[in-house]
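*Asks:* From the sequence below, what's the structure:
(one chain, ligands or ions: 2)
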Amino acid sequence: MHDWALPALEGDYLGDLNRVKISDNFYLSEFECHGGSCCGYSVKVHPDVLVYAEAMRSALSEHRGVDTPLVFVSAYRCPIHNQREGGKHHSLDPRDPRNSFHCQGKAGDPDSPGVSKVILARIAHTIWPRVGFYWAQRPRGSVLVLHCDIADPARLNIPARWGDAWPQGFLEANGR
Ligand SMILES: [Zn+2]
Ligand SMILES: [Zn+2]
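*Replies:* Residues are numbered from 1 along each chain as shown. Ligands and ions are numbered 1, 2, ... in the order given. So this is what the prediction gives:
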(Lines give C-alpha, C1' and ligand atoms only; values in the text may rest on other atoms or scores of the structure.)
(Ligands and ions follow the chains in the order given, each with its own letter.)
Protein backbone atom coordinates (compact mmCIF):
# COMPACT_ATOMS: atom_id res chain seq x y z
CA MET A 1 0.00 0.00 0.00
CA HIS A 2 1.44 3.39 -1.01
CA ASP A 3 0.73 6.43 1.11
CA TRP A 4 0.14 8.49 -2.06
CA ALA A 5 -2.82 6.36 -3.13
CA LEU A 6 -5.84 8.38 -4.27
CA PRO A 7 -9.16 7.83 -2.52
CA ALA A 8 -11.37 5.31 -4.26
CA LEU A 9 -13.86 6.78 -6.74
CA GLU A 10 -16.94 5.74 -4.90
CA GLY A 11 -19.49 6.70 -2.30
CA ASP A 12 -19.56 10.25 -0.97
CA TYR A 13 -16.42 11.14 -2.86
CA LEU A 14 -18.18 10.73 -6.21
CA GLY A 15 -21.19 12.58 -4.85
CA ASP A 16 -19.14 15.78 -4.94
CA LEU A 17 -18.19 15.37 -8.58
CA ASN A 18 -19.11 18.43 -10.69
CA ARG A 19 -20.39 20.14 -7.55
CA VAL A 20 -18.85 23.33 -8.88
CA LYS A 21 -20.75 26.57 -9.01
CA ILE A 22 -20.58 27.90 -12.57
CA SER A 23 -22.96 30.87 -12.42
CA ASP A 24 -24.93 32.79 -9.81
CA ASN A 25 -27.50 30.03 -9.36
CA PHE A 26 -26.29 26.88 -11.12
CA TYR A 27 -23.83 24.07 -10.43
CA LEU A 28 -22.08 22.10 -13.14
CA SER A 29 -23.65 18.92 -11.73
CA GLU A 30 -27.12 20.21 -12.74
CA PHE A 31 -26.15 19.83 -16.40
CA GLU A 32 -24.77 16.27 -16.19
CA CYS A 33 -25.99 13.44 -18.37
CA HIS A 34 -28.90 11.76 -16.56
CA GLY A 35 -28.83 8.60 -18.63
CA GLY A 36 -27.71 6.17 -15.92
CA SER A 37 -25.73 3.15 -17.11
CA CYS A 38 -24.20 5.19 -19.94
CA CYS A 39 -21.37 7.62 -19.21
CA GLY A 40 -21.64 8.45 -15.51
CA TYR A 41 -21.47 12.16 -14.62
CA SER A 42 -20.21 13.38 -18.00
CA VAL A 43 -21.12 16.96 -18.80
CA LYS A 44 -20.73 19.71 -21.37
CA VAL A 45 -22.32 23.11 -21.04
CA HIS A 46 -22.00 26.04 -23.45
CA PRO A 47 -21.55 29.39 -21.63
CA ASP A 48 -24.54 30.86 -23.50
CA VAL A 49 -26.80 28.18 -21.98
CA LEU A 50 -25.92 29.60 -18.56
CA VAL A 51 -26.71 33.13 -19.69
CA TYR A 52 -30.18 32.08 -20.88
CA ALA A 53 -30.74 29.85 -17.84
CA GLU A 54 -30.00 32.74 -15.47
CA ALA A 55 -32.18 35.10 -17.53
CA MET A 56 -35.06 32.63 -17.47
CA ARG A 57 -34.69 32.07 -13.73
CA SER A 58 -34.77 35.85 -13.15
CA ALA A 59 -37.83 36.31 -15.38
CA LEU A 60 -39.62 33.44 -13.64
CA SER A 61 -38.82 34.84 -10.19
CA GLU A 62 -39.99 38.28 -11.28
CA HIS A 63 -43.20 36.84 -12.73
CA ARG A 64 -43.99 35.05 -9.47
CA GLY A 65 -42.73 37.78 -7.17
CA VAL A 66 -40.59 35.30 -5.26
CA ASP A 67 -37.16 33.76 -5.83
CA THR A 68 -37.96 30.61 -7.82
CA PRO A 69 -35.50 27.81 -8.65
CA LEU A 70 -35.19 26.52 -12.16
CA VAL A 71 -34.02 22.95 -12.71
CA PHE A 72 -33.02 21.05 -15.82
CA VAL A 73 -34.66 17.67 -16.18
CA SER A 74 -32.29 17.06 -19.07
CA ALA A 75 -29.29 19.10 -20.17
CA TYR A 76 -26.15 17.39 -21.46
CA ARG A 77 -26.78 13.97 -22.97
CA CYS A 78 -23.95 11.67 -23.94
CA PRO A 79 -24.42 10.05 -27.38
CA ILE A 80 -25.56 6.76 -25.84
CA HIS A 81 -28.27 8.39 -23.74
CA ASN A 82 -29.29 10.62 -26.63
CA GLN A 83 -29.69 7.64 -28.92
CA ARG A 84 -31.89 5.91 -26.33
CA GLU A 85 -33.99 9.06 -26.02
CA GLY A 86 -34.22 9.89 -29.68
CA GLY A 87 -34.40 6.54 -31.41
CA LYS A 88 -32.41 5.37 -34.36
CA HIS A 89 -32.13 8.72 -36.15
CA HIS A 90 -29.60 9.74 -33.49
CA SER A 91 -26.09 8.37 -33.87
CA LEU A 92 -23.25 7.69 -31.44
CA ASP A 93 -20.99 10.29 -33.04
CA PRO A 94 -21.24 13.49 -30.98
CA ARG A 95 -20.33 15.54 -34.10
CA ASP A 96 -23.22 14.08 -36.13
CA PRO A 97 -25.56 16.96 -36.99
CA ARG A 98 -28.55 14.63 -36.71
CA ASN A 99 -27.85 14.48 -32.99
CA SER A 100 -29.65 16.70 -30.52
CA PHE A 101 -28.19 19.96 -29.29
CA HIS A 102 -28.20 18.20 -25.91
CA CYS A 103 -25.10 16.28 -27.11
CA GLN A 104 -23.21 19.51 -27.63
CA GLY A 105 -24.08 21.06 -24.27
CA LYS A 106 -26.22 23.62 -26.08
CA ALA A 107 -29.67 22.64 -24.80
CA GLY A 108 -31.64 22.21 -21.61
CA ASP A 109 -35.15 21.12 -20.72
CA PRO A 110 -36.14 23.46 -17.87
CA ASP A 111 -38.73 22.83 -15.20
CA SER A 112 -39.70 24.41 -11.91
CA PRO A 113 -41.59 22.36 -9.34
CA GLY A 114 -45.05 23.80 -8.71
CA VAL A 115 -44.99 26.10 -11.74
CA SER A 116 -47.24 25.32 -14.70
CA LYS A 117 -45.53 24.25 -17.90
CA VAL A 118 -47.53 26.84 -19.81
CA ILE A 119 -46.10 29.65 -17.66
CA LEU A 120 -42.62 28.22 -18.14
CA ALA A 121 -43.16 28.01 -21.89
CA ARG A 122 -44.40 31.60 -22.07
CA ILE A 123 -41.28 32.80 -20.27
CA ALA A 124 -38.90 30.56 -22.21
CA HIS A 125 -40.44 31.85 -25.44
CA THR A 126 -39.30 35.40 -24.63
CA ILE A 127 -35.76 34.38 -23.68
CA TRP A 128 -34.22 31.44 -25.55
CA PRO A 129 -33.29 31.54 -29.25
CA ARG A 130 -35.15 28.29 -29.93
CA VAL A 131 -37.88 26.60 -27.90
CA GLY A 132 -39.76 23.34 -28.35
CA PHE A 133 -42.90 22.52 -26.39
CA TYR A 134 -44.24 19.07 -27.01
CA TRP A 135 -45.72 15.87 -25.64
CA ALA A 136 -43.19 13.05 -25.18
CA GLN A 137 -44.15 9.41 -24.79
CA ARG A 138 -42.82 7.83 -21.62
CA PRO A 139 -43.41 4.37 -20.12
CA ARG A 140 -45.94 5.86 -17.65
CA GLY A 141 -47.75 7.94 -20.26
CA SER A 142 -47.14 11.20 -22.07
CA VAL A 143 -45.42 14.11 -20.37
CA LEU A 144 -45.10 17.75 -21.40
CA VAL A 145 -41.52 18.62 -22.27
CA LEU A 146 -40.19 22.12 -22.67
CA HIS A 147 -36.96 22.12 -24.66
CA CYS A 148 -34.70 25.16 -24.94
CA ASP A 149 -31.51 25.55 -26.92
CA ILE A 150 -29.11 28.11 -28.31
CA ALA A 151 -29.42 27.19 -31.99
CA ASP A 152 -29.44 30.14 -34.37
CA PRO A 153 -32.66 29.46 -36.30
CA ALA A 154 -31.94 32.06 -39.01
CA ARG A 155 -28.49 30.69 -39.77
CA LEU A 156 -29.59 27.06 -39.67
CA ASN A 157 -32.85 27.76 -41.50
CA ILE A 158 -34.95 25.97 -38.88
CA PRO A 159 -38.06 27.10 -36.98
CA ALA A 160 -37.41 29.01 -33.75
CA ARG A 161 -40.57 27.54 -32.20
CA TRP A 162 -41.68 23.97 -32.70
CA GLY A 163 -43.76 21.24 -31.10
CA ASP A 164 -47.43 20.41 -30.69
CA ALA A 165 -48.08 21.47 -27.10
CA TRP A 166 -48.23 25.26 -27.42
CA PRO A 167 -51.64 26.55 -26.31
CA GLN A 168 -53.98 27.21 -29.22
CA GLY A 169 -53.05 30.42 -31.03
CA PHE A 170 -50.10 31.14 -28.76
CA LEU A 171 -47.39 31.36 -31.39
CA GLU A 172 -49.52 33.39 -33.81
CA ALA A 173 -50.49 35.82 -31.05
CA ASN A 174 -46.85 36.24 -30.10
CA GLY A 175 -45.64 36.85 -33.63
CA ARG A 176 -43.78 33.63 -34.41
ZN1 LIG B 1 -24.60 9.47 -20.45
ZN1 LIG C 1 -34.54 18.94 -24.92
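
*Asks:* Quick check: residues of this protein near ligand 2?
*Replies:* Within reach of ligand 2 by Cβ under 5 Å from the ion, the chain has these residues: 109, 147. In this view, the C-beta of every residue, glycine as well, is placed from N, C-alpha and C.

*Asks:* can you map out the helices along the chain?
*Replies:* 11-15, 47-64, 79-86, 117-127, 153-156, 170-173 (DSSP state H).

*Asks:* Could you dump these into CSV with mean neighbour count and distance to residue 145 added?
*Replies:* Formatted as CSV, these follow (neighbours: other Cβ atoms under 10 Å; distance: least, Cβ to Cβ, whole Å):
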stretch, mean neighbour count, distance to residue 145
helix 11-15, 10, 28
helix 47-64, 17, 16
helix 79-86, 19, 10
helix 117-127, 19, 9
helix 153-156, 10, 19
helix 170-173, 13, 16
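
*Asks:* would you turn those helices into CSV with distance to residue 107?
*Replies:* Formatted as CSV, these follow (distance: least, Cβ to Cβ, whole Å):
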stretch, distance to residue 107
helix 11-15, 25
helix 47-64, 7
helix 79-86, 10
helix 117-127, 12
helix 153-156, 13
helix 170-173, 20
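
*Asks:* ok, now how distant is the residue nearest to the spatial centre of the chain from ligand 1?
*Replies:* The chain has residue 108 as the residue nearest its centroid, 1.5 Å off, counting by Cα atoms, centre = their mean. Here the criterion is Cβ to the ion, to the nearest Å. By it, residue 108 lies 15 Å from ligand 1.

*Asks:* I'd like the numbering to begin with 567 instead of 1 from here.
*Replies:* Sure, I'll start counting at 567 from here, so that last one is residue 674.

*Asks:* hmm, back to that, I'd like the helices of the chain written out as a markdown table, with distance to ligand 1 and mean pLDDT added.
*Replies:* Output for the helices of the chain, formatted as a markdown table (distance: least, Cβ to the ion, whole Å; pLDDT from 0 to 100):
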| stretch | distance to ligand 1 | mean pLDDT |
| --- | --- | --- |
| helix 577-581 | 15 | 65 |
| helix 613-630 | 17 | 98 |
| helix 645-652 | 4 | 85 |
| helix 683-693 | 24 | 94 |
| helix 719-722 | 25 | 90 |
| helix 736-739 | 33 | 74 |
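
*Asks:* Near residue 676, how many other residues are there?
*Replies:* By the criterion of other Cβ atoms under 10 Å, residue 676 has 27 neighbours.

*Asks:* which one is it nearest to, not counting chain neighbours?
*Replies:* Take residue 676 and drop its neighbours on the chain: the residue closest to it by Cβ to Cβ, 6 or more residues apart in numbering is residue 636, 5.4 Å away.
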